Structures are given as C-alpha cells and as structure tokens.
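S.K.: only geometry, no sequence info:
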C-alpha cells in the first residue's frame with residue numbers, strides 16, 4: 001500500500017494535467033474579459049479531452065486504492 005500511495009503522490013508524471021489546467025484557465029479568463037475571443041472555439045475539444053483524461057485518471061487511482069484496501073482488509 002505504501003508503494004501505491006507514493007505512486008499517487010508522484011506529481012512529476014502529472015505535468016500534462018497541470019499544463020492543461022493552466023492553458024484552459026488562461027483561455028477561460030481571456031474569454032471572460034474579451035467577449036469575442038476568437039480562439040475559444042478551438043479550445044472546446046481540448047477541454048473535453050482534458051475532462052476525459054481527468055475522469056480516467058480518477059477511475060484508475062480509485063480502482064488501485066480500493067484494490068489495495070480490500071487486500072489489506074483480507075489479511
């Protein structure tokens with residue numbers, strides 16, 4: 001279980017998620033400030049891909065943790 005927790009806390013491999021969040025946040029703020037932000041329509045697909053990526057990452061981590069918890073409880 002310790003290795004799983006250390007693996008989940010390893011933020012070095014989550015650089016893509018962090019970079020995506022920063023880009024989407026900056027684009028969202030620009031869209032709010034400038035009503036006619038012409039690149040907003042091009043950010044809809046990356047935003048949906050980001051949501052899908054986060055969902056799969058959450059499910060993967062949840063499955064790993066629940067499996068480890070069940071193994072620990074069965075001991």
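M.R.: Good, I have the coordinates. Everything quoted here is computed from the prediction, not taken from an experiment.

S.K.: Give the buried residues for the host helix or strand of residue 55.
M.R.: Per DSSP states H and E, residue 55 falls inside helix 44-74. Going by neighbour count (16 or more other C-beta atoms under 10 Å), the buried part of helix 44-74 is residue 50. Glycine gets a C-beta too; all of them are placed from N, C-alpha and C.

S.K.: What is that helix packed up against?
M.R.: On a contact count with 3 or more C-beta pairs under 8 Å, 6 or more residues apart in numbering; DSSP states H and E, helix 44-74 meets helix 2-8, helix 15-33.

S.K.: quick one: average pLDDT of the shortest one?
M.R.: When the per-residue pLDDT values of helix 2-8 are averaged, the result is 70.

S.K.: How about stretch 36-51?
M.R.: 79.

S.K.: now that stretch, how far from the centre of its chain.
M.R.: 16 Å (C-alpha atoms, centre = their mean, to the nearest Å).

S.K.: what does it contact?
M.R.: Outside stretch 36-51, the residues that touch it by C-beta atoms under 8 Å, 6 or more residues apart in numbering are 17, 20-21, 23-24, 27, 30-31.

S.K.: Considering those residues, which is situated nearest to residue 70?
M.R.: residue 17 (27.1 Å; C-beta to C-beta).

S.K.: dump the residue contacts of the closest one.
M.R.: By C-beta under 8 Å, 6+ apart, the contact set of residue 17 is 50, 53-54, 57.

S.K.: try 10 Å
M.R.: Residue 17 makes contact with 11, 50, 53-54, 57 under the criterion C-beta atoms under 10 Å, 6 or more residues apart in numbering.
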